[in-house]
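J.: Please work out how this folds:
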Amino acid sequence: MTVEAQKETLGFQTEVKQLLHLMIHSMYSNKEIFLRELISNASDASDKLRFEAIAKPELLEGEPNLRIRISADEQANTLTIEDNGIGMSREEVISHLGTIAKSGTAAFMQQLTGDEKKDASLIGQFGVGFYSAFIVADKVEVFTRRAGADAAEGVRWESAGEGDFTIENIDKPERGTRIVLHLKAAETEFADGWRLRNVIKKYSDHISLPIELPKQNTGEEQEQPAEPEWESVNRASALWTRSRTDVKDEEYQEFYKHVSHDFDNPLSWSHNKVEGKLEYTSLLYVPARAPFDLYQREAPRGLKLYVQRVFIMDDAEQFLPLYLRFIKGVVDSNDLSLNVSREILQKDPAIDSMKSALTKRVLDMLEKLAKKDDEKYANFWNAFGSVLKEGPAEDFANREKIAGLLRFASTAQNDDSEVVSLDAYIERMQEGQDKIYYLTGERYSQVKNSPHLEIFRKKGIEVLLLTDRIDEWLMSHLNEYKDKQFVDVARGDLDLGKLEGEEDKQAQDEVAKAKADLVQRVKDVLKDDVDEVKVSHRLTDSPAVLVVTEDGMGLQMRKILEATGQKAPESKPILEINPAHPLLDKLDQEQDEARFADLTHILFDQAALAAGESLQDPGSYVRRLNALLVELSK
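T.: Residues are numbered from 1 along each chain as shown. Down below sits the predicted model:
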């Protein structure tokens, strides 16, 4: 097949069409970031070649010096970014430049809002920075050849950023990728050498390989040589290898954007060098927002791993536990071999020591953020709180430290947007209180108005309100904090300890004895629906409430199991009744057993609804209730 015969025109994936429309018709507040994105891609390509060349030195093709070259042609109004990194094959060009990664396609589409400014901020989040070239260019050409391939296997890709692109095979003697941007008429500034130097210094000074531009003439005008002289315009040293005192905040922020492909600044970072038995450097970042695949536990995650400043792999997940999968950054070790693989990492005892230390460093960083900046920590909690809640079950050694970072709604706050720490809860505990009380449920309005809280409101005891789907599972692994036991106010017998006087307990016992016959009648009617019927010590206003047995499974855990296709174990609730309520007084006086049964079933169903449960037989409930309403209206 001839080269010309291999030329074809292909359509962009639908999602890319929308993205390109967004790029072309939405203006970033800072257009120049397109250059940062393309330089970052070129840097990644060089890192990947370094790694592959460890096992296959022939991929370097006799040219071991890696670099990025940027040049502009003011007359043609073009900008060229060229690297001698890993390059791409024809299939890789179609895959990388014609589609958004499959794992992100659906999520990207779901998050497009129609608000162009908001949508533009998603671009970095989904790792599609290449398309930012169309912010300033009305046509883009890509010339590339994969390292190790024949010169005849070069590929040329071209698009005007509309519905399609063309691709053809070309001869390309040198490996790597050259991107030519045909700049829009209004973007001539990016064909100016001095402008390019300023942008590179601002955004890409941290890149660890040389970024070269043609040497600028100084003094009298001289004739340009046929081959330009190149000079590096960045430091070309790995940022994490520099002293912390030598790195500005802006440089840390730009490096974060490089490693994460995020467009926003991080909330916090920690730069640390460890010496001694193990020697390594880490630079860890807390992002400001969650990535689209945060809740896909099998999605790629982890730190960029370097060994003696040589890139080894992206997404090295062995250095942090799964509940910290949102952390971005790099780790550079002097103690691992250059030919390290994922399999070797899993067996290396040094990794366990590094993982333990890096985990503690992240938790310390979050603790510091929580103490230092309430607003930033609230931002972090809204983005990553649900994932952090996985921690107590996964990381026993740091369970208490993680618990101190958790935040919950509470009866002491006005709404669910206000959250409290466990330390703040303990500070407000009443004299004699030795337990941390909480209530789980599906919605804030449900738990806020739950009958389970009535005795706590009466006594002024604060209760944590947990409405995240993961909360019941979390609390099954978090038994205490700072020697204070957690107590679910909707489970088992309620013990208020020293907050309840002997007179209260004696009065409760007397009421239970006095209403023993009523309790038995109710239990006889509901024998198939409940585990037990009791006189309630929790209620002050409501007639009845459902309580989970001490070993029973709550509603949240049941729904989690059902959502994964598992069957929840059989368990029946306890029905607690409030004899002081007028409805119970009426029920106690009812002599007609059929009517007593109907009223008891209504009472039980109402308690189930208040607990957020779905009725087993809603038709019967409606029928009984309608009959009662008709009777009352006569």
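
J.: so Gly265 sits in a helix?
T.: To be clear, residue 265 is Asn; Gly isn't right here. No: counting by DSSP: H, G, I helix; E, B strand; the rest coil, Asn265 is not part of a helix but coil.

J.: Use 229 as the first number from now on
T.: Sure, I'll start numbering at 229, so the last one becomes Asn493.

J.: Roughly how far does the closest residue in space to it that isn't next to it in sequence sit from Leu263?
T.: Leaving aside its sequence neighbours, Asn493 sits nearest to Gln481 (CB to CB, 6 or more residues apart in numbering; 4.7 Å). The way it works is simple: take the backbone N, C-alpha and C, and place the C-beta from them, glycine included. Separation of Gln481 from Leu263 (CB to CB, to the nearest Å): 16 Å.

J.: between those two, who's got more neighbours?
T.: Per other CB atoms under 10 Å, whichever of Gln481 and Leu263 has more neighbours is Leu263, with 24 against 15.

J.: Show me which positions of the host helix or strand of the more buried one end up buried.
T.: Leu263 belongs to helix 261-283 when assigned by DSSP states H and E. Neighbour-count burial for helix 261-283 flags 261-279, 281-282 (criterion: 16 or more other CB atoms under 10 Å).

J.: Could you tell me how many residues sit around Asp433?
T.: Asp433: 19 neighbours (other CB under 10 Å).

J.: can you give me the helices in the stretch 429-578 of the chain?
T.: 477-488, 570-575, 577-600 (DSSP state H, counting those that start in this stretch).

J.: Show me what the longest one is packed against.
T.: Translated: helix 577-600. Counting contacts by 3 or more CB pairs under 8 Å, 6 or more residues apart in numbering; DSSP states H and E, helix 577-600 is packed against strand 496-502, strand 508-514, strand 556-561, helix 602-616, helix 627-631.

J.: and the residue lying closest to Pro801 once chain neighbours are set aside, how many neighbours does it have?
T.: Using CB to CB, 6+ apart and skipping residues adjacent in sequence, the residue nearest Pro801 is Leu774, 4.3 Å away. By other CB under 10 Å, the residues close to Leu774 number 24.

J.: if I've got this straight, Leu774 is in a strand?
T.: Yes: Leu774: assigned to a strand according to three-state DSSP.

J.: Give the residue spans of the stretch 629-778 of the chain that score low on pLDDT.
T.: Across the stretch 629-778 of the chain, the ranges flagged by pLDDT under 70 are 729.

J.: again, only using 80
T.: 644, 725-733, 735-737, 740 (pLDDT under 80).

J.: And the helices in it, which stretches?
T.: 650-655, 672-676, 682-687, 699-703, 730-742, 744-753.

J.: tell me what the first one is packed against?
T.: Same thing as helix 650-655. strand 635-638, strand 663-668.

J.: The first one packs against which elements?
T.: When you say that, I think you mean strand 635-638. strand 648-649, helix 650-655, strand 692-694.

J.: same question, the longest one
T.: Where contact means 3+ CB pairs under 8 Å, 6+ apart, strand 663-668 is packed against helix 650-655, strand 692-694, helix 699-703, strand 712-716.

J.: what's the neighbour count on Asn642?
T.: 7.

J.: helix, strand or coil for the residue in the chain sticking out farthest from the centre?
T.: Outermost residue of the chain with respect to the C-alpha centroid, by CA atoms, centre = their mean, is Gln819; its distance is 59.3 Å. Classification of Gln819 using three-state DSSP returns coil.

J.: What are the phi and psi values at it?
T.: Gln819 adopts backbone torsions of phi -100, psi -20, taken as degrees, to the nearest 10.

J.: What of Arg423?
T.: Dihedral angles (degrees, to the nearest 10) for Arg423: phi -60, psi -40.

J.: what residues are up against it?
T.: Neighbouring residues of Arg423 by CB atoms under 8 Å, 6 or more residues apart in numbering: Glu417.

J.: While we're on it, how confident is the model there?
T.: Looking at Arg423, its pLDDT is 93.

J.: again, but for Arg297
T.: pLDDT, Arg297: 96.

J.: what about the residue nearest to Leu594 when sequence neighbours are not counted, how many residues close to it?
T.: Distance criterion CB to CB, 6+ apart; nearest residue to Leu594, sequence neighbours excluded, is Leu633 at 5.4 Å. Residues within reach of Leu633, counting by other CB under 10 Å, total 21.

J.: And Leu633, how close does it get to Glu595?
T.: 6 Å.

J.: cool, Asp833 as well?
T.: 46 Å.

J.: out of these two, which sits in the busier spot?
T.: The neighbour comparison of Asp833 against Glu595 (other CB under 10 Å) goes to Asp833, with 21 against 14.

J.: Mind telling me what element the more buried one is part of?
T.: helix 821-838.

J.: Excluding chain neighbours, give the residue nearest to Lys712 in space.
T.: Lys712's closest residue in space is Ile664 (CB to CB, 6+ apart), at 5.0 Å.

J.: for Asp301, same thing?
T.: That would be Ala419: by CB to CB, 6+ apart, it lies 6.6 Å from Asp301.

J.: burial count for that neighbour?
T.: Neighbour number of Ala419 under other CB under 10 Å is 20.

J.: which ones are touching it?
T.: 300-302, 305-307, 411.

J.: Surely Ala825 is in contact with Val753?
T.: Yes: using CB atoms under 8 Å, Ala825 is in contact with Val753, at 4.8 Å.

J.: how close does Val648 sit to Tyr709?
T.: Counting by CB to CB, the gap from Val648 to Tyr709 is 13 Å.

J.: Let me fix that, I meant to ask about Lys501.
T.: Counting by CB to CB - Lys501 and Tyr709 are separated by 33 Å.

J.: Specify which residue of these two has the higher count of neighbours.
T.: Neighbours were tallied for Lys501 and for Tyr709 using other CB under 10 Å; the higher tally belongs to Tyr709 (19 against 14).

J.: Report the beta-bridge partners for that one.
T.: Lys712 (DSSP bridges).

J.: Can you spell out the domain ranges of the protein, please?
T.: 232-446+453-465, 468-609, 635-724, 730-778+794-861 (automatic domain parsing).

J.: would TSV of the ones you listed with distance to Leu616 be doable?
T.: What follows is these, written out as TSV (distance: least, CB to CB, whole Å):
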stretch	distance to Leu616
domain 232-446+453-465	20
domain 468-609	6
domain 635-724	9
domain 730-778+794-861	25
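
J.: I'd like to know which of those domains lies nearest to Ile788.
T.: domain 635-724 (6.5 Å; CB to CB).

J.: how long is the closest one end to end?
T.: End-to-end distance for domain 635-724, by CA to CA, to the nearest Å: 23 Å.

J.: Also stretch 590-609?
T.: Start-to-end, stretch 590-609 (CA to CA) is 14 Å.

J.: in it, what counts as buried?
T.: 590-591, 593-594, 597-598, 605-609.

J.: Measure how far that stretch is from the centre of its chain, please.
T.: For stretch 590-609, the gap between its own C-alpha mean and the chain's C-alpha mean amounts to 15 Å (CA atoms, centre = their mean, to the nearest Å).

J.: contact partners of it?
T.: Against stretch 590-609 from outside (CB under 8 Å, 6+ apart): 495-498, 512, 514, 516, 548, 552, 555, 616, 626, 629-630, 632-633, 635, 647, 649.

J.: could you redo the last one with a cut-off of 7 Å?
T.: 495-496, 498, 512, 514, 516, 548, 552, 555, 626, 629-630, 632-633, 635, 647 (CB atoms under 7 Å, 6 or more residues apart in numbering).

J.: That one - what's its average pLDDT?
T.: Here the average pLDDT along stretch 590-609 is 96.

J.: Make TSV out of the buried residues of stretch 590-609 and add distance to Lys733.
T.: As requested, the buried residues of stretch 590-609 are exported to TSV (distance: CB to CB, whole Å):
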residue	distance to Lys733
Val590	47
Leu591	42
Met593	47
Leu594	43
Leu597	45
Ala598	40
Tyr605	42
Ala606	41
Asn607	46
Phe608	44
Trp609	39
